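Chemist: how would this look folded up:
(chains A, B, C and D)
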Number of protein chains: 2
Amino acid sequence: MYPQDKKTYEKLMDCAEKIFAEKGYDKASVREITAAANVNLASIHYHFGSKENLLQELLNRKLEWLNQQRLIALKTLENKSKNKPLKPSQILEAFFGTLLDMLDEKNYGGEMFLRLLGRSTLEPNCLISSISSGKNNAVTEKFRDALFKALPNVPKNEIVWRFHFMVGATSYAISGSGLNKLFVTAEVSEDKSVSKKLLKKRLMSFLLGGLRSPMNSFLIGNK
Amino acid sequence: MYPQDKKTYEKLMDCAEKIFAEKGYDKASVREITAAANVNLASIHYHFGSKENLLQELLNRKLEWLNQQRLIALKTLENKSKNKPLKPSQILEAFFGTLLDMLDEKNYGGEMFLRLLGRSTLEPNCLISSISSGKNNAVTEKFRDALFKALPNVPKNEIVWRFHFMVGATSYAISGSGLNKLFVTAEVSEDKSVSKKLLKKRLMSFLLGGLRSPMNSFLIGNK
DNA sequence: GTCTATATCATGATAGAC
DNA sequence: GTCTATCATGATATAGAC
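Modeler: Predicted coordinates:
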């Protein structure tokens, strides 16, 4: 079944990624994963300690890669426009656009990652570490600061909140299942391939509108 | 422990709601729920058929109540402003404001509901029915149509997508765990009680901005 | 150090007595 | 409707082979 030359650790990572993507974390059993990888049942415990830890490793691996891409995109932008502050749309492109591009990845990698990331934000007391880990926060802060510079007239507090809202809209929009669920009404449907292509444009337009939404006096009054 | 006069069915619903909210669906065991309710282990199977079904019942109960409130709010608005089209902000208030107000509910009801609802949108092949059930779709469509009227110049397709994005931003913003996770940086933090009060204002402002975001030519060109 | 075979323990589900 | 007993499946732990 599986190429024999790969190490057990790698086999498990690969198979787990695929099976998690297909069935979700809960319904993917340790037995199924080890069987698919042609390794012993106990190897997950040996290499990762637990099923949860295996998921952690997968998320961390993806997250690190994603954040690298994000930083590269940001650096590129900053190099191009010497000194001049970046436009909000450019910053969003580097942060969320890079994430959205993962959807096109092969091997379910992108979709699984995004779904499981979403799950980890919803389940209490679970999987927090991969998100609030130092590296990830560092990247988030870089983009946060870029937004501060790009929108000097907006209170920093508000920017942080709106960043948060943007992450939410993106996570949800991206979760494969969510997409077709809420609005399956025929009248407004369009060709699916068209929808997929337009998703990024549409979401970015929405995020930008939310980010730059005028602030009412109440919010400003409260700093 | 538990008041003896309540029926088993009610006891289970109440305890399950609380325990699901605290630990999440997976980590709440049938044994723990039945123990807390002072009923027999097998009663969940008898009354609900399965643990999943119990969750379904909980979600449906909440969802129906929520949607009733939403319809009432919408009707009230439509009665007040005879014939004149509603403002988008009013429609959002009726739909998302009503949802956000559930956060103040006692007994974890609101938070659990929102978290589990979020989960159900992220897990594949799971719990779809409560969301795409007929009643819920009917309510969603009412609000969708209200937005169509309120924004006659925006293509219907775009409104539907933006509605979708708004749901995502709201779900995420509301999920108790998500709130403190992403941005725990000290510099931008403010008093937590203040944050909680302002959440609704902030989110509504963001949603409104996203909903009314100008459309770039690319999107319009593709209808 | 790496992997395997096997044992343990918790969980959801269920059958059948009362 | 409620109970006890039991099953099937899952994750995890351990002992020991290579």
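
Chemist: only C-alpha atoms for contact and neighbour calcs from this point on.
Modeler: Fine.

Chemist: where's the spatially most central residue of chain A relative to DNA strand D, distance?
Modeler: The residue lying closest to the centre of chain A (Cα atoms, centre = their mean) is A:Leu114, at 4.7 Å. Distance of A:Leu114 to DNA strand D, given as Cα to the nearest atom of the strand, to the nearest Å: 20 Å.

Chemist: can you report how many residues neighbour the nearest residue in space to A:Gln69 that is not next to it in sequence?
Modeler: Computed as Cα to Cα, 6 or more residues apart in numbering or on different chains, the closest residue to A:Gln69 that is not its neighbour in sequence is A:Thr98, at 6.9 Å. Burial of A:Thr98 is recorded as 17 neighbouring residues (other Cα atoms under 10 Å in any protein chain shown).

Chemist: also A:Asp26?
Modeler: Residues near A:Asp26, counting by other Cα under 10 Å: 11.

Chemist: by contact count, what packs against the host helix or strand of it?
Modeler: Element membership for A:Asp26 (DSSP states H and E) is helix A:8-27. If contacts are counted by 3 or more Cα pairs under 8 Å, 6 or more residues apart in numbering or on different chains; DSSP states H and E, helix A:8-27 sits against helix A:30-36, helix A:43-48, helix A:51-80, helix A:109-122.

Chemist: most packed of these?
Modeler: Sort those by mean neighbour count, taking mean count of other Cα atoms under 10 Å in any protein chain shown, and helix A:109-122 sits at the top with a mean of 24.

Chemist: now that one and helix B:8-27, what's the angle there?
Modeler: 130 degrees (axes from the mean of the first three to the mean of the last three Cα atoms, to 10 degrees).

Chemist: distance from helix A:109-122 to the middle of the chain?
Modeler: 7 Å (Cα atoms, centre = their mean, to the nearest Å).

Chemist: likewise stretch A:87-102?
Modeler: Worked out by Cα atoms, centre = their mean, stretch A:87-102 lies 12 Å from the chain centre.

Chemist: could you look up the SS state of the residue in chain A that DNA strand C sits nearest to?
Modeler: Nearest residue of chain A to DNA strand C, counting by Cα to the nearest atom of the strand: A:Asn40, 3.7 Å away. Of the three states, A:Asn40 takes coil according to DSSP: H, G, I helix; E, B strand; the rest coil.

Chemist: next, count neighbours for it.
Modeler: 12.

Chemist: does it really touch A:Thr34, like I thought?
Modeler: Yes. Using Cα atoms under 8 Å, A:Asn40 is in contact with A:Thr34, at 6.1 Å.

Chemist: any idea of the angle the helix holding A:Asp26 forms with helix A:51-80?
Modeler: Using the same axes, to 10 degrees: helix A:8-27 against helix A:51-80 is 100 degrees.

Chemist: what's the average pLDDT for helix A:8-27?
Modeler: Per-residue pLDDT over helix A:8-27 has a mean of 92.

Chemist: check stretch A:84-91 too.
Modeler: Mean predicted confidence for stretch A:84-91 is 95.
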